[in-house]
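Novice: predicted model follows, preceded by the sequence.
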Amino acid sequence: MIAFDEEDKKVIKTQADVKSVESNKIDNKINRYFFLAIIIIFALLLFYSLSQFFTAFLGAVVFYVLSKKKMDKLIKKGWKKAAAAVLIIFISLIIIMVPIVTMGVLLYNKGKYYLANPDMLVQSLKRVSEQIRTNYGITLSIGPEHC
């Protein structure tokens, strides 16, 4: 509690109010938990909004782990960091793209055959549809007559 002395015109400090100190402690705890809750809510919103990039982040971590030793070896041999990074990125790109391009070429050749003979594809799909209908009782509509 604070008092004012009229004769000396000074502020006199007296004993602190016990209730106000306890209420300040409670207010500080409430504020602490309130701000902690706000931080957790923002963290959850941030995680939710960035969840679509989670697989890309994991892929980047995998590439980092796989290429870290090679990068260190190239730097110890006297390569500049930028040149070593470009070489590792180029090699990684080749390792990833060769199977994808090969699969694309193979699928293109198969698709080209079925585009030239669409009746073969329709007949195959009708056979599969008939097997599904007899085994499971589910009717699938295939062909131009069902469109």
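Specialist: Sure, I can see it.
Novice: CA only for contacts and neighbour counts going forward, please
Specialist: Noted.
Novice: all strands of the protein, in order?
Specialist: Along the chain, the stretches classed as strands by DSSP state E are 2-5, 10-13.
Novice: let me see the mean pLDDT of the first one.
Specialist: Averaged over strand 2-5, pLDDT sits at 65.
Novice: repeat for stretch 109-127
Specialist: 84.
Novice: go on, stretch 47-58?
Specialist: 91.
Novice: next, the distance between the ends of that stretch.
Specialist: Taking CA to CA, to the nearest Å, stretch 47-58 runs 14 Å from one end to the other.
Novice: count of neighbours near D27?
Specialist: Neighbour count for D27, taken as other CA atoms under 10 Å: 12.
Novice: just M71 next, same as before
Specialist: Burial of M71, expressed as a neighbour count using other CA under 10 Å, amounts to 19.
Novice: looking at it, it is touching A85, isn't it?
Specialist: Yes: M71 is in contact with A85 according to CA atoms under 8 Å; the separation is 7.0 Å.
Novice: how near is L74 to S92?
Specialist: Using CA to CA, L74 is found at 15 Å from S92.
Novice: the two - which one has more neighbours?
Specialist: Taking other CA under 10 Å, L74 and S92 do not tie; L74 has more neighbours (17 against 14).
Novice: which one is that one nearest to, not counting chain neighbours?
Specialist: A84 (6.2 Å; CA to CA, 6 or more residues apart in numbering).
Novice: my read: that neighbour touches K73, true?
Specialist: No: using CA under 8 Å as the test, A84 is too far from K73 to be in contact (9.4 Å).
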